[in-house]
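Trainee: Sequence isn't available, so here's the structure alone:
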């Protein structure tokens, strides 16, 4: 456990810790719409923001992400309750 001053600090720090700038894959998957810190953290970690769709009720369809995207993925942000929507993921989605 790592105490942080707020969600932005923790979400930013994890990307800086796990994204390898020297790797051939740099994608950081994030829901769309997204919390702005996901994109900034990805870019400053040397990653490339990549988006996956969420429905109006905020369910993420991770099965819809194609294999090529998974192969380029270094980190994925999955957030519940989601920001900026505030909706929570269903048990099925989790």
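Mentor: Perfect, I can see it now. What you see is a predicted model; the values in this text were computed from it and never measured.

Trainee: Tell me which residue is most central in this structure.
Mentor: residue 77 (2.2 Å; CA atoms, centre = their mean).

Trainee: Please report how far that one lies from residue 88.
Mentor: From residue 77 across to residue 88, the span is 15 Å (CB to CB, to the nearest Å). Just so you know, the C-beta spots here come from the backbone N, C-alpha and C atoms, and that holds for glycine as well.

Trainee: Contacts only, for residue 61.
Mentor: Applying CB atoms under 8 Å, 6 or more residues apart in numbering to residue 61 gives the contacts 52-55, 93.

Trainee: Check pLDDT for those residues and point me to the minimum.
Mentor: Of all these, residue 55 carries the smallest pLDDT score, 68.

Trainee: what are the ranges of the helices in this structure?
Mentor: 7-18, 36-44, 67-72 (DSSP state H).

Trainee: Restricted to buried residues, select the contacts of residue 61 in PyMOL.
Mentor: To isolate the buried members of the contacts of residue 61 in PyMOL, using 16 or more other CB atoms under 10 Å:
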select buried, resi 52+54+93
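
Trainee: Redo the contacts of residue 61 as CSV? Include distance to residue 4.
Mentor: Shown next, in CSV, are these (distance: CB to CB, whole Å):
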residue, distance to residue 4
52, 25
53, 28
54, 24
55, 29
93, 25
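
Trainee: From the contacts of residue 61, which land in strands?
Mentor: 52-53 (DSSP state E).

Trainee: Identify each buried residue in stretch 30-39, please.
Mentor: By 16+ other CB under 10 Å, the buried positions in stretch 30-39 come out as 30-31, 34-35, 37-39.
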